[in-house]
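The following block contains a protein sequence and its predicted model.
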Amino acid sequence: MVRRVVLPKVLAAVAAVTVVSGLSVEAQGTGPRTSWGKPDLQGVWDFRTITRMERPEEYGDREVLTPEEAAVLDQAAVDRETALWNLAAQRTEVGENVDRRSAVGSSRGAPGSYNQFWIDSGTRTIDTRRTSLITYPPNGRYPNLTTAGQRRAEERRAYAAEHPADSWEDFSSGVRCILGFNAGPPFTPSAYNNNMQLFQTENTVVVMTEMVNTSRVIPIDGRDRLDPDVLQWSGDSRGYWEGDTLVVETRNFDPKRKWRGTTASTRLVERFTRMDTDTLEYQFTVTDPETWISAWTASVPLRLNPEPMFEYACHEGNYSMPVMLGGARVEEAAGSQ
């Protein structure tokens with residue numbers, strides 16, 4: 001029998017309060033350090049970027065953009081965002097498209113998408129100018145699926161086509177306000193709410209994402225892991241220091257989180273390195289032999305954000321869930337007539 005445990009948010013809150021006493025001392029080397037001598041990783045960190053997770057096919061084997069190419073992409077993102085913000089106001093009509101991004105040349109204007117008010121995906125490529133966030137495999141793309149992974153993907157697509165909204169369990173953990181769609185873990189740049197806040201004590205690290213305010217309490221004191229049959233939405237994380245890099249290893253993921261079709265066999269290794277006062281290097285490696293033919297690694301530079309994070313009241317504003325379920329029931333009734 002599988003047991004599922006959800007860490008209470010009050011624990012994260014306690015850890016957050018506790019960490020305030022860990023005042024930083026003068027920087028030694030490339031960044032500030034805590035009063036107990038470890039790199040100070042605390043703060044709100046912004047992981048917005050227009051660099052894609054996978055390398056676009058037009059770049060072929062090229063790993064790095066030229067400075068000129070990166071500048072062109074950055075400027076194009078700024079110009080597009082400016083054009084969207086300058087569009088004239090227009091009342092939304094029933095049955096019409098609420099997303100006006102297609103008005104400035106985007107093909108992503110599918111009905112039901114958010115308009116620009118909600119989008120905050122950044123306007124910059126990453127500073128390394130890499131053509132993808134994925135660094136391994138060398139082609140900058142996800143590994144091929146295993147035979148079992150392909151079969152499960154086909155089964156998911158077939159089920160979703162036949163049962164798009166039988167119940168709330170047919171929706172993703174993001175739509176259900178359980179986990180943010182960019183919160184992972186690992187966290188990955190997406191359309192909006194691309195921030196996370198890190199708290200730190202000598203024995204514990206807390207990572208809280210802006211999206212859905214998902215909090216992970218990560219012991220770094222060498223305590224034992226949970227039993228393998230205790231599955232959690234965000235997995236069971238344990239951390240340790242490897243020089244000046246915080247390494248976090250996570251397993252015991254509940255596959256019901258539906259993250260990229262992964263299974264309970266998933267293993268995640270994250271590495272947090274303070275590069276300088278304003279930069280935190282975030283690297284992660286995902287291994288799931290039941291899904292991909294090899295592990296894959298991505299690297300995301302995070303920028304220190306001077307602004308605070310605010311509450312993400314997902315459940316309180318999740319009117320779309322009853323609307324989607326209600327709409328599905330109306331369609332079923334109409335089809336039975």
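Happy to help now that I have it. Residues are numbered from 1 along each chain as shown.

Dump whichever strand or helix holds residue 326 to CSV, restricted to CA.
In this assignment (DSSP states H and E), residue 326 forms part of helix 320-336. Taking Å, rounded to 0.1, in the frame of the first residue of the first chain, the C-alpha atoms of helix 320-336 are listed here in CSV:
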residue,chain,number,x,y,z
SER,A,320,-11.8,27.5,-13.9
MET,A,321,-11.9,24.1,-12.2
PRO,A,322,-15.7,24.1,-11.6
VAL,A,323,-16.3,25.8,-14.9
MET,A,324,-14.3,23.2,-16.8
LEU,A,325,-16.0,20.3,-15.0
GLY,A,326,-19.4,21.9,-15.4
GLY,A,327,-18.8,22.5,-19.1
ALA,A,328,-17.9,18.9,-19.6
ARG,A,329,-21.1,17.8,-18.0
VAL,A,330,-23.1,20.1,-20.3
GLU,A,331,-21.3,18.7,-23.3
GLU,A,332,-22.1,15.1,-22.1
ALA,A,333,-25.8,16.0,-21.6
ALA,A,334,-26.0,17.6,-25.1
GLY,A,335,-24.3,14.5,-26.6
SER,A,336,-26.8,12.1,-25.0
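
how about the helices in the stretch 101-250 of the chain?
Secondary structure of the stretch 101-250 of the chain by DSSP state H, counting those that start in this stretch: the helices cover 147-162.

element containing the closest residue to residue 122 other than its chain neighbours?
In space, and not counting its chain neighbours, residue 122 is closest to residue 48: 3.2 Å by CB to CB, 6 or more residues apart in numbering. Every C-beta, even on glycine, is put in place using the N, C-alpha and C of the backbone. Residue 48 belongs to no helix or strand when assigned by DSSP H and E.

Residue 48 and residue 264, how far apart?
Computed as CB to CB, to the nearest Å, the residue 48 to residue 264 distance reads 31 Å.

which of those two has more neighbours?
A direct count of neighbours by other CB atoms under 10 Å for residue 48 and residue 264 places residue 48 higher, at 21 against 17.

and that one, what does it touch?
Taking CB atoms under 8 Å, 6 or more residues apart in numbering, we find residue 48 in contact with 120, 121, 122, 124, 189, 194.

now the nearest residue to the fourth one once chain neighbours are set aside, what's its secondary structure?
To tie it back to what came earlier, the one meant is residue 124. Nearest residue to residue 124, sequence neighbours excluded (CB to CB, 6+ apart): residue 74, at 5.4 Å. Following DSSP: H, G, I helix; E, B strand; the rest coil, we place residue 74 in the helix state.

Let me know whether residue 74 touches residue 125 as I believe.
Yes - between residue 74 and residue 125 there is a contact under CB atoms under 8 Å: 6.0 Å.

which neighbours do these two share?
Shared contacts of residue 74 and residue 125, defined by CB under 8 Å, 6+ apart, are found at residue 50.

Quick one: neighbours of the closest residue to residue 324 other than its chain neighbours, just the number.
Setting aside the residues directly before and after it, residue 324 is nearest to residue 165 in space (CB to CB, 6+ apart), at 5.5 Å. Residue 165: 17 surrounding residues under other CB under 10 Å.

again, but for residue 306
With other CB under 10 Å as criterion, residue 306 counts 8.

quick one: it and residue 323, what's the gap?
Note on residue 306: its distance to residue 323, by CB to CB, is 37 Å.
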